[in-house]
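K.L.:
Give me the fold of what follows.
(chains A and B)
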Amino acid sequence: MAFFEAKDIVKQYAGHKALNKVSISVPKGSIFGLLGPNGAGKTTLIRIINQITGPDSGVVLFNGNPLVPNDITRIGYLPEERGLYKKMKVGEQAVYLAQLKGMNQKEATKKLKVWFDKFDILQWWDKKVEELSKGMQQKIQFIVTILHEPELLIFDEPFSGFDPINANLLKKEILELRDKGATIIFSTHNMGSVEEICDHIALINKSEKILDGPVDQIKKKYRTNTYELTYTGEFDKLEQVLNPDFEIVEQQKGLEHNTLTIKLNNGSTSNELLAQLLPYLNIVSFSEIIPSMNDIFIRVVNENKKI
Amino acid sequence: MNKIFIIIKREYLSRVKKRSFLILTFLTPVLIAGIYAFMIWMMLKDDTESRTIAVINESQLVEPVQSKDFTTFKYINDTSFEDAKAQMEEKDYYAILLIPENILESKTAELFSYKQVTMEVKSEAGSQLRDHIEQLKRSKIIAQAKMPDLEEKLAATRTPISMKTIKFGEGGEVKQSSTEIAMAIGFISSFIIYMFIFLYGVQVMRGVIEEKSNRIVEVIISSVKPFQLMMGKIVGVAMVGLTQFIMWVILSGIIISIGTAVVLPGVDMDSLQQAKTLSELPQGAASLNADQLKMAQDLLGTFDFGYVAGILGAFIFFFLGGYLLYSALFAAVGSAVDNETETQQFMLPITIPLILAMYIGFAVAKNPEGSLAFWGSIIPLTSPIVMLVRIPYGVPVWELLLSMVTLIGTFLFVTWIAAKIYRTGILMYGKKVSYKEIWKWLRYHN
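P.N.:
Coordinates of the predicted model:
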């Protein structure tokens, strides 16, 4: 069941269309990746969800109902452009931001202390933000985003600027939140960074959605039946022994191993390929080349261009 | 909305707790008191410095100038001018007064000194000489006229006139008024408004730029409406300004009253006494003091509750109205730029009407009824300042109401426009913004 839905969203700025009839549907409890290059319209869509700006046309449904101003207390948003008041004390500032989300001071303070302790930054409570390292500031921003236990979490380019250790910590916390029932939207242009944790994705390019669906289905749909094989030994006349259904895409000679990329056409199977090769080659490894989100994206964009 | 109060509270506290705010708040009254003390000290100092002036009298007049207060006139008629000049340092003469033989015809005397002669000495010597000669001539005429009691009769013709300015009130009743005081009140209050708009309008702008460059603004406007953030900031800063202003008034008052009570207890009484006696004289060196005393008397005469309450009410209204109008513009400018150096091109349309208003204010003080005064006090960009100059002179009720309604209307309109610019501007990074661009933003809906 769709927890969050946007239907036919159109947003026009003077001179250009930021979103052209974009629809997305985010299932409850899923991690949804909103992917696309810079300037595709991701941030505009996210700002519409957060009611920072409104759509020119189209509807936004939150848990089946049209979005209302009060829904912002049920949404947590970590924007791409994120920062903190530099001159303000850490704890004071976190409480302030929590209050703006509708929490009362006491409750916010109590919960913040728990989270600060968990992230090992409690000793910085009374320090000014400018004294903190960037990593610590990001931890605070993350805590403030999730503190009011929102049902929908939106992260815009969450890993940009995070060091690997903090990025992992963030990933772990996000998965934990999902397991507790939160629905999460990720927006990024760095498709490799989120494909491993997203259940669903939508690809946006030039203000239009060009692809969406569950990640495993998309990958299945865009698999090319291409395999990579490494072997030792010399054999130059492969074309002559191989069935014409096996198309050699690339053959490379290496120092230790040679590599062969083969595409399986007309429903031929990998077993048949291996059976044909075994007499001639000493096989070291054999695996299917699974297209990355990036490859899929480039393919889809190119296909769209042709149309 | 509860959230706007949270914002106001943060904007207020974060500024009030700043060290620079505390320093400025507590140091300024000390400075004001210091200047005040310095002025008193200067006044008293002038009065107590003894000076000896050598007088070479070549005329027929008999001791036409007399020593008075701290100025001593010493006649050295037998000494030549050259000798007197040579002796100046040794005998500690402040100056040499040379009264020429033909003073009755030439009407000129000369005062020589190494330093610039003070006003007091100059006017003292001049007025004594004049009085003496006048008296001499008059006595001669009286003697020739051979009329008994002529001297007394002539004296009786001297009639000093004091001009009291009386103004008709709305209901036809008469009010005593003082042009000088009206002018002073008008200027001081309009200048306070001018300063306040500038100082705190810029603070609003800086606050907006800070939020933008800190990249915190998007975090906040995902929780509150941009309009709430903008108004919260404007109101918060206004309260900071009011706090500072009230603190200044209270602290300066305390320091000055403590200062006058503790440091200058006896002296103050003396100078007051002196001012009183001087004011009774038709002429005198301390004419300034006499004027001040007269002003104080006028002030007491003018001090009727309705008048003061009216001025105070108008002050608060135009103070807030002007500030709100301009700070909304300042907020819009802050939102359109990435850093303070870029603000210049947008600041000009804001600062020009403000400065213009101050100039119109000067002109209006001379002629508070002219068409410049009328339009200046109706057009909302200048009215908070110009109207305040006019109000102490009395302004027709309909003009006042028109000005107030226009100001409120413009404030609402400008805030609406500013909010539109603000909403788009705060999310716009790294783009050099032009007026054309801002015009586009105004046409975005939502």
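K.L.:
and chain B, which of its residues are near chain A?
P.N.:
Contacts of chain B with chain A, taken as Cβ under 8 Å from any Cβ of the partner chain, map to B:3, B:6-7, B:10, B:14, B:210-211, B:214-216, B:218-224, B:226, B:423, B:427, B:429, B:440, B:443-446. All C-beta spots, glycine's among them, are computed from the backbone N, C-alpha and C.
K.L.:
Which PyMOL command selects the buried ones in those?
P.N.:
This is how PyMOL selects the buried members of these, with burial counted by 16 or more other Cβ atoms under 10 Å in any protein chain shown:
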select buried, chain B and resi 3+6+7+10+14+210+211+214+215+216+218+219+220+221+222+223+224+226+423+427
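K.L.:
Figure out how far the helix or strand of chain A with the lowest mean pLDDT is from the centre of its chain.
P.N.:
One helix or strand of chain A scores below all others by mean pLDDT, DSSP states H and E: helix A:191-194, with a mean of 72. Distance, stretch centre to chain centre, for helix A:191-194: 5 Å (Cα atoms, centre = their mean, to the nearest Å).
K.L.:
Tell me the helix or strand right after it.
P.N.:
Later in the chain than helix A:191-194, the nearest helix or strand by DSSP states H and E is strand A:200-205.
K.L.:
What average pLDDT does that following strand get?
P.N.:
Averaged over strand A:200-205, pLDDT sits at 89.
K.L.:
With stretch B:43-50 instead?
P.N.:
Stretch B:43-50 shows a mean pLDDT of 66.
K.L.:
Residue of the stretch 201-350 of chain B closest to chain A, please.
P.N.:
Going by Cβ to the nearest Cβ, chain A is nearest to residue B:215 of the stretch 201-350 of chain B, at 3.2 Å.
K.L.:
Show the contacting residues for the closest residue in space to that residue that isn't next to it in sequence.
P.N.:
Distances taken as Cβ to Cβ, 6 or more residues apart in numbering or on different chains put residue A:83 closest to residue B:215, at 3.2 Å, once the chain neighbours are dropped. The contact partners of residue A:83, taken as Cβ atoms under 8 Å, 6 or more residues apart in numbering or on different chains, are A:137, B:214, B:215, B:216, B:219.
K.L.:
three-state assignment of the first one?
P.N.:
Secondary structure for residue A:137, judged by DSSP: H, G, I helix; E, B strand; the rest coil, is helix.
K.L.:
tally of neighbours for it?
P.N.:
Residue A:137 is flanked by 20 other residues according to other Cβ atoms under 10 Å in any protein chain shown.
K.L.:
which bits of chain A sit near chain B?
P.N.:
Contact residues (Cβ under 8 Å from any Cβ) of chain A with chain B: A:13-15, A:47, A:50, A:52-54, A:56, A:72, A:75, A:77-79, A:81-88, A:96-97, A:99-102, A:141, A:144.
K.L.:
List buried residues within the residues you listed.
P.N.:
Among those, the ones that count as buried by 16+ other Cβ under 10 Å are A:47, A:50, A:52-53, A:56, A:72, A:75, A:77-79, A:81-86, A:88, A:96-97, A:99-102, A:141, A:144.
K.L.:
Filter the residues you listed down to just the ones in helices.
P.N.:
In this view, those that belong to helices under DSSP state H are A:47, A:96, A:97, A:99, A:100, A:141, A:144.
K.L.:
just curious, which of those is nearest to chain B?
P.N.:
residue A:100 (3.9 Å).
K.L.:
Domain-wise, how is the chain divided?
P.N.:
Assuming you mean chain A. Residue ranges for each domain of chain A read A:2-216, A:224-289, as given by the TED database.
K.L.:
please go with chain B instead
P.N.:
B:51-152, B:190-443 (automatic domain parsing).
K.L.:
Pick the most buried one from those domains.
P.N.:
Stretch with highest mean neighbour count among the domains of chain B: domain B:190-443 (a mean of 18; mean count of other Cβ atoms under 10 Å in any protein chain shown).
K.L.:
Residue B:197: which element?
P.N.:
Using DSSP H and E, residue B:197 falls within helix B:179-213.
K.L.:
Give me the helices and strands touching that helix, please.
P.N.:
With contacts taken as 3 or more Cβ pairs under 8 Å, 6 or more residues apart in numbering or on different chains; DSSP states H and E, helix B:179-213 sits against helix B:226-262, helix B:287-302, helix B:305-336, helix B:344-366, helix B:383-390.
K.L.:
Which other helices and strands does the shortest one contact?
P.N.:
Using 3+ Cβ pairs under 8 Å, 6+ apart as the contact criterion, the secondary-structure elements in contact with helix B:383-390 are helix B:179-213, helix B:305-336, helix B:344-366, helix B:371-378, helix B:397-425.
K.L.:
would you list the ones you listed in a markdown table and tack on mean pLDDT?
P.N.:
Shown next, in a markdown table, are the helices and strands packed on helix B:383-390 (pLDDT from 0 to 100):
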| stretch | mean pLDDT |
| --- | --- |
| helix B:179-213 | 86 |
| helix B:305-336 | 87 |
| helix B:344-366 | 88 |
| helix B:371-378 | 89 |
| helix B:397-425 | 90 |
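K.L.:
Figure out which of the ones you listed is closest to residue A:204.
P.N.:
Closest of the helices and strands packed on helix B:383-390 to residue A:204 is helix B:397-425, at 21.9 Å (criterion: Cβ to Cβ).
K.L.:
picking up where we left off before, what about the domains of chain B, which gets the closest to residue A:223?
P.N.:
Among those, domain B:190-443 comes nearest to residue A:223, with 38.7 Å by Cβ to Cβ.
K.L.:
Tell me the gap between the closest one and the middle of its chain.
P.N.:
In terms of Cα atoms, centre = their mean, the centre of domain B:190-443 is found 15 Å from the chain centre.
K.L.:
how far away is residue B:52 from residue A:106?
P.N.:
According to Cβ to Cβ, to the nearest Å, residue B:52 and residue A:106 sit 79 Å apart.
K.L.:
re earlier: and the next element down the chain from the helix holding residue B:197?
P.N.:
Downstream of helix B:179-213, the first helix or strand assigned by DSSP H and E is helix B:217-221.
K.L.:
can you give me the mean pLDDT across that following helix?
P.N.:
The pLDDT scores in helix B:217-221 average 88.
K.L.:
Give me the contacts around that helix.
P.N.:
By Cβ under 8 Å, 6+ apart, the list of residues contacting helix B:217-221 reads A:52, A:77-79, A:81-83, A:97, A:100, A:141, A:144, B:211, B:229, B:426-427.
K.L.:
so which of those residues comes closest to residue A:36?
P.N.:
The closest of those to residue A:36 turns out to be residue A:79 (Cβ to Cβ; 16.6 Å).
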